[in-house]
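Trainee: sequence first, predicted coordinates after that:
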Amino acid sequence: MPVTAPSSSEYLPIIVFTLVGIGFVGATLLFSRLIQPHAPSKAKNSTYECGVAPTGNAWQQFNPHYYLFALLFVVFDVEAAFLYPWALAYRRVGMYAVGEMILFVVLLGAGLVYAWRRGALEWE
Amino acid sequence: MTSGILRSRRPIRAAEVGLGISITVAIIAIASAIPHLPWQLLKPLTSFVARYPLLNALANAAMVANFVALQCLGFIWLERKFAGWMQARVGPMHVGWKGLLQTVADAVKLLLKEDIVPTDADKPLFALAPYLVFVPSLLTFMVLPFTSAWVGYDLPLGALFVLSISTTSILGVFAAGWGSNNKYSLLGGVRAIAQLLSYDVPLILVMLSVVMLSGTMSLTGIVTQQEKLWNIAAHPLLMIPAFLIFLICTLAEVNRAPFDLPEAESELVSGFHTEYSGMRFAFFFLAEFANNFFSAGLAVTLFFGGWLGAGLPAAVWFTLKTLCVIFLMMWIRWTLPRLRIDQMMSFCWKVLVPASMALICAAAIAGVSH
């Protein structure tokens, strides 16, 4: 099956679905706003911290370890972006394409092993 | 039960409650009637709609949005009944027959609840988050084929579209976690990002192995490829491990126990949506159940032949298979305790990612030697 680039009109349903989704959320929230009570108070609108007065701000430093996983994800997500088009075409190219892809996966695997050995996957 | 509402400055009138209930009932009645409509009589209308791509897309989008909203009513009831059964309780019993209308009552209640925005919150982000979480889950339903004809839009790049769009909802989760300016929300938000991003990697690779064997990214195409044999039976050595990895990853993607760390009640109150109330909270909930149904439907599409089956109508087959996967997910949820974050992350990166990388290499060799 030949793979052709989608024309712009093929994306029309995606745009319409997005707009309908936004409209659905917006309309429901608006409808809810019309029928709900509105009685804000200082205590009610304060940040929830199990009933006691909140101390400090939540916008502060957090464990940088989360960044390492985000970086690893970017690497593997790019891998996916390369491999999906390849997956549609590799049978026509044959064993050569498979060999190249395995080489690519092994390179990425080496990266994972490196991150593993350096302790990026350990949680402290 | 009523005292909270009655004490507020502007009391709810009985007429408003009646209005809410009647609108909800009307929506359900209309949506449930859609499959039974005599389509022959509507032929002039449907052919008119089909002539204009914009109208066609609008009609499909309305149908899908309706389905997403309504399947939750049934799904949540099922989940509560199932949880009750697992824990030797009866579950909801009072509203409607066997508590069948309990979710409807809850939806009406959420519509009538005050929408509280914390003073310290980042207001634009706080307001944006429900949209960012719900719209992607609606978009993924667009490509899910219920039958060969009954699909919102059969995108040729379906599988890739699902992966890219479902990752987008992470933005909404973090907008909620950061925008709330609440420590529980922030912790829930960063945990959610770490978990969703990590478990996306094996998910991408496993779906890739199915795409490789099918030779198409269209979800309808993947199902029609399985006409002779379902994927799980056609390549059992590859597809059974693939399905297991897929199931684990989707459990993590929809924040279900044992992977419900982003909203772990016993540590984080309710995680990234702690500060949300009323309908905004409802959209997080709705998106979660919609994602859950979608993951089960996607598992059926990729591994169990989608709508294919003998005897029963195609849509019935699809629903039955999807329900089986949903029950499997519920069973896991109500059986296993929650993991710790270090266990969860190392399980993903040290077990699932290498396993799925090996899987795609094996699938490539199997595919080319066919």
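Mentor: Everything's here; your move.

Trainee: first-to-last residue distance for stretch A:37-48?
Mentor: From its first residue to its last, stretch A:37-48 covers 20 Å (CA to CA, to the nearest Å).

Trainee: quick one: check it for contact with chain B.
Mentor: Yes: using CB under 8 Å from any CB of the partner chain, stretch A:37-48 reaches chain B at A:Pro37, A:His38, A:Ala39, A:Pro40, A:Lys42, A:Lys44, A:Asn45, A:Ser46, A:Thr47, A:Tyr48. Using the backbone N, CA and C atoms, a C-beta is placed for each residue, glycine as well.

Trainee: quick check, nearest of those to B:Asp342?
Mentor: Nearest to B:Asp342 among the residues of stretch A:37-48 next to chain B, counting by CB to CB, is A:Tyr48 at 27.1 Å.

Trainee: report how many residues lie close to that closest one.
Mentor: 18 (other CB atoms under 10 Å in any protein chain shown).

Trainee: contact partners for B:Arg191?
Mentor: Residues in contact with B:Arg191 (CB atoms under 8 Å, 6 or more residues apart in numbering or on different chains) are B:Leu261, B:Pro262, B:Leu268, B:Gly271, B:Ile341.

Trainee: and A:Trp86, which of the three is it?
Mentor: Assigned with DSSP: H, G, I helix; E, B strand; the rest coil, A:Trp86 falls in the helix class.

Trainee: residues in contact with stretch B:249-267?
Mentor: Against stretch B:249-267 from outside (CB under 8 Å, 6+ apart): B:166, B:173, B:188-189, B:191-192, B:195-196, B:198-200, B:202-203, B:206, B:268, B:270-273, B:288, B:291-292, B:295-296, B:298-299, B:329, B:332-334, B:336-339, B:341, B:344, B:348, B:352.

Trainee: what subset of those is buried?
Mentor: Neighbour-count burial (16 or more other CB atoms under 10 Å in any protein chain shown) applied to the contacts of stretch B:249-267 gives B:166, B:173, B:188-189, B:191-192, B:195-196, B:198-200, B:202-203, B:206, B:268, B:270-273, B:288, B:291-292, B:295-296, B:298-299, B:329, B:332-334, B:338-339, B:341, B:344, B:348, B:352.

Trainee: chain center to stretch B:216-226, what's the gap?
Mentor: With CA atoms, centre = their mean, to the nearest Å as the basis, stretch B:216-226 stands 21 Å off its chain's centre.

Trainee: quick one: pLDDT of residue 97?
Mentor: Since you didn't name a chain, this refers to chain A. For A:Ala97, the model assigns a pLDDT of 80.

Trainee: not quite, I wanted chain B
Mentor: For B:Trp97, pLDDT reads 75.

Trainee: from chain A, how far out is it?
Mentor: Relative to chain A, B:Trp97 is positioned 27 Å away (CB to the nearest CB, to the nearest Å).

Trainee: just B:Met345 next, same as before
Mentor: Distance from B:Met345 to chain A, by CB to the nearest CB: 6 Å.

Trainee: just say helix, strand or coil for that residue.
Mentor: helix.

Trainee: against A:Glu122, how distant is it?
Mentor: From B:Met345 over to A:Glu122 the distance is 9 Å, taken as CB to CB, to the nearest Å.

Trainee: the more surrounded of these two?
Mentor: Higher neighbour count among B:Met345 and A:Glu122: B:Met345, with 24 against 11, using other CB under 10 Å.

Trainee: from chain B, which residue is nearest to chain A?
Mentor: For chain B, the residue closest to chain A is B:Asp342, as judged by CB to the nearest CB, at 3.4 Å.

Trainee: my guess is that residue meets A:Trp123, correct?
Mentor: Yes: between B:Asp342 and A:Trp123 a contact is recorded at 3.4 Å, counting by CB atoms under 8 Å.

Trainee: what's the residue in chain A positioned nearest to chain B in contact with, if anything?
Mentor: At 3.4 Å from chain B, A:Trp123 is the closest residue in chain A, using CB to the nearest CB. Contact partners of A:Trp123, counting by CB under 8 Å, 6+ apart, are A:His65, B:Ile341, B:Asp342, B:Met345, B:Ser346.

Trainee: how about those in CSV, adding pLDDT?
Mentor: Below are the contacts of A:Trp123 laid out as CSV (pLDDT from 0 to 100):
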residue, pLDDT
A:His65, 76
B:Ile341, 80
B:Asp342, 81
B:Met345, 84
B:Ser346, 84
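
Trainee: which one of those is nearest B:Lys109?
Mentor: Using CB to CB, B:Ile341 is the member of the contacts of A:Trp123 that lies nearest B:Lys109, at 33.4 Å.

Trainee: which residue is the nearest non-sequential neighbour of the closest one?
Mentor: The shortest distance from B:Ile341 to any non-neighbouring residue, by CB to CB, 6 or more residues apart in numbering or on different chains, is to B:Leu261 (5.8 Å).

Trainee: please apply the same query to B:Gly152.
Mentor: Using CB to CB, 6+ apart and skipping residues adjacent in sequence, the residue nearest B:Gly152 is B:Met142, 3.9 Å away.

Trainee: count the neighbours of the one you found for me.
Mentor: 26.

Trainee: likewise B:Leu73?
Mentor: Neighbours of B:Leu73 (other CB under 10 Å): 21.

Trainee: where's it relative to B:Trp331, distance?
Mentor: Using CB to CB, we find B:Leu73 at a distance of 21 Å from B:Trp331.

Trainee: and for B:Ala176?
Mentor: According to CB to CB, B:Ala176 and B:Trp331 sit 29 Å apart.

Trainee: what about the two, which has more around it?
Mentor: Neighbour count, other CB under 10 Å: between B:Ala176 and B:Trp331, B:Ala176 has more, with 31 against 12.

Trainee: in three-state terms, label the more buried one for me.
Mentor: helix.

Trainee: for it, report the pLDDT, please.
Mentor: In this model, B:Ala176 carries a pLDDT of 87.

Trainee: dump the residue contacts of it.
Mentor: B:Leu125, B:Phe126, B:Ala129, B:Pro130, B:Val133, B:Ser185, B:Gly189, B:Phe272, B:His273, B:Tyr276, B:Phe284 are the contacts of B:Ala176 under CB under 8 Å, 6+ apart.

Trainee: excluding chain neighbours, what is closest to it?
Mentor: Using CB to CB, 6+ apart, the closest residue to B:Ala176 is B:Ala129 (3.8 Å).
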